[in-house]
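Student: predicted model and sequence below, questions to follow.
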Amino acid sequence: MLDTATIRRALQPDLRADYVLANPPFNDSDWFRKDDDVRWQFGVPPKGNANFAWVYHYTHHLSL
């Protein structure tokens, strides 16, 4: 299940996938972030909206 705990605690940090299929809780305004997270390679997502955090989470796990 995807929820804000997925962003807070990545259970498979080394996972690389060919594709990602997901339906995250977009527009979540109450989420936790660490500014030094390796998934934020394109910039730190805004605190008030988790949309970019989900997109960055997915792109981090893609095997590009």
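Tutor: It's in. Numbers count the residues shown, from 1 in each chain.
Student: give me the distance from stretch 11-24 to the chain's centre.
Tutor: 9 Å (C-alpha atoms, centre = their mean, to the nearest Å).
Student: run through who's touching that stretch.
Tutor: 2, 38, 50, 54, 58, 61, 62, 63 (C-beta atoms under 8 Å, 6 or more residues apart in numbering). All C-beta atoms are positioned from the backbone trio N, CA, C, and that covers glycine.
Student: and these, which two are the farthest apart?
Tutor: Across these, the longest distance by C-beta to C-beta is 23.7 Å; it joins 50 and 63.
Student: show me which of the two is the more surrounded one.
Tutor: For the pair residue 50 and residue 63, the greater number of neighbours falls to residue 50 (23 against 8), based on other C-beta atoms under 10 Å.
Student: nearest residue to the spatially most central residue of the chain other than its sequence neighbours?
Tutor: Centroid-nearest residue in the chain, with C-alpha atoms, centre = their mean: residue 57, separated by 2.7 Å. Distances taken as C-beta to C-beta, 6 or more residues apart in numbering place residue 39 nearest to residue 57, at 5.5 Å, with adjacent residues excluded.
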